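Peer 1: sequence below, structure please.
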Amino acid sequence: MRAILLVAGAVAVVAAGGVGLLLWLSQPDEPTAFYTPPDDIPAEPGTLIRQERYTRAVPDGAEAWLILYSSTSPDGEPVAVSGVVVAPADPPAGPRPVIAWAHGTTGVATGCAPSLSDDPLFELPALKRAPGRGWMVVATDYPGLGTPGQHPYVDGVSEGRSVLDAVRAASQIEDGPQLSSQVAVWGMSQGGHAALFASQLAPAYAPELDIVGVAPGEPATDLATLLGRASGQGGKVLTAEAVYAWSRVYPELSFDEAIVDRAELLAREVARRCLVGPSRFLTVLGTTLLPERLLAIDLVADPRWAARFAQNTPSDPIAAPLFVTQGGVDQIVLPDVTLDHVRGRCARGERVELRVYPEEGHISLPRRAGPDILEWTAARFADEPVPAGCVGI
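Peer 2: Numbering: from 1, shown residues only. Predicted coordinates:
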């Protein structure tokens, strides 16, 4: 009911011409003092800076911690990142296998972190079943969503490092659970992109972690194609967020040059809002007022943007087996783009299983695919053999 009233109120304000006021009022909440890093962030990536008990939406039979830890920014400097660790409250003896969870798009502004929402694991219900199997969940917020600074949206190396460093930090929780070196990396949408990058980076960046399997769902892979073919409200949101974030992270890129003049103000305000919490209704509402033609230039043809697309496309080999899930009617991460990515990995001899759910879209896929991801991951933790080559292509 509250959500309905929010949307109804938003429509009334828009009708009265108060779009700017509406978006200003829907700014993300400021994170608490916990998220403010010290002046000297530890230079060693994966160092736990602080911890506290976490109590929001913790699954039955589990306990959780909010963590702040060090990682590495796109320019190579230490950066603080927040996250949540969930563990069985009464686990069996011995170290616990780990699910390293990479979340999908929640926004690009400080205040959009899943750990600040009512339910940090809302996107993939299967995560809440992991503690019941004796597994841990380590869920990064990525840089700039809970902590200060601009979130480097789909900057693959930054995302991947923050996923791996969260696992390192979780092992340092005082009086916390004992982590196994076995890690399965899960992610959805933006998180699928992060999961692929984390798995590419792990052998050199975090060799102490044994990546036993990677489960990217509806992963953002060929960014140039996905952004070039983006359409509808979802496409406009992602375009506004990607252009806004990249223009603030990469100095050679310009927001004002990329977005058509009449849409610059509204697109910038939409990009500063979250897709979680009450403001998500207002964010989506704001996109209905954006023009269908949002871009003033062809980003794919522009060499500056093209270089960044190439840099952030996950194309390096992954040694661990992959279980890629994709909705057959997804209009955000297009099925043919995912299929092309999987075929490229298959051609290199990687072990990939592609599972397509013909009737599922971008929002419905996680709930549908979750049970299959759980069972596939259980087999990886049990060290069951994986067929060579590709399945489902």
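Peer 1: can you show me the strands along the stretch 1-150 of the chain?
Peer 2: Taking DSSP state E, counting those that start in this stretch as the criterion, the stretch 1-150 of the chain carries its strands at 48-54, 62-72, 78-88, 96-102, 136-140.
Peer 1: and Leu124, which of the ones you listed is closest to it?
Peer 2: Shortest distance between Leu124 and those, using CB to CB, is found for strand 96-102: 7.4 Å. The way it works is simple: take the backbone N, C-alpha and C, and place the C-beta from them, glycine included.
Peer 1: now that closest one: buried residues?
Peer 2: Arg96, Pro97, Val98, Ile99, Ala100, Trp101, Ala102 (16 or more other CB atoms under 10 Å).
Peer 1: could you tell me how far stretch 43-60 lies from the centre of the chain?
Peer 2: Here stretch 43-60 is found 17 Å from its chain centre; the criterion is CA atoms, centre = their mean, to the nearest Å.
Peer 1: I'd like the average pLDDT over it.
Peer 2: Stretch 43-60 shows a mean pLDDT of 96.
Peer 1: got it, and stretch 290-306?
Peer 2: For stretch 290-306, the per-residue pLDDT averages 91.
Peer 1: how far away from the center of its chain is that stretch?
Peer 2: For stretch 290-306, the separation from the chain centroid amounts to 23 Å (computed by CA atoms, centre = their mean).
Peer 1: pull out the buried residues from it.
Peer 2: Counting neighbours by 16+ other CB under 10 Å, the buried set in stretch 290-306 is Leu290, Leu294, Leu295, Leu299, Trp305.
Peer 1: pull the residues that contact that stretch.
Peer 2: Residues from elsewhere that reach stretch 290-306, judged by CB atoms under 8 Å, 6 or more residues apart in numbering: 224-225, 227-228, 236, 239-240, 243, 246, 252-253, 257-263, 266-267, 270, 309.
Peer 1: can you tell me which of the residues you listed are buried?
Peer 2: Restricting the contacts of stretch 290-306 to buried positions leaves 224-225, 227, 236, 239-240, 243, 246, 253, 258-259, 263, 266-267, 270, 309, with burial counted as 16+ other CB under 10 Å.
Peer 1: of the residues you listed, the lowest pLDDT goes to which?
Peer 2: Within those, the minimum per-residue pLDDT falls on Lys236 (82).
Peer 1: contacts only, for that residue.
Peer 2: Residues in contact with Lys236, defined by CB under 8 Å, 6+ apart, are Ala230, Val270, Thr287, Leu290, Leu294.
Peer 1: so what's the closest residue in space to Tyr35 that isn't next to it in sequence up against?
Peer 2: Closest residue in space to Tyr35, ignoring its immediate chain neighbours: Gly146 at 4.7 Å, by CB to CB, 6 or more residues apart in numbering. With CB under 8 Å, 6+ apart as the criterion, the residues that contact Gly146 are Pro31, Tyr35, Val81, Ser82, Thr110, Gly111, Ala113, Ser115, Leu116.
Peer 1: mind picking the two most distant members of the residues you listed?
Peer 2: Within the contacts of Gly146, Val81 and Gly111 form the most distant pair, 14.7 Å apart (CB to CB).
Peer 1: what kind of secondary structure is Val214 in?
Peer 2: For Val214, the secondary-structure state derived from DSSP: H, G, I helix; E, B strand; the rest coil is strand.
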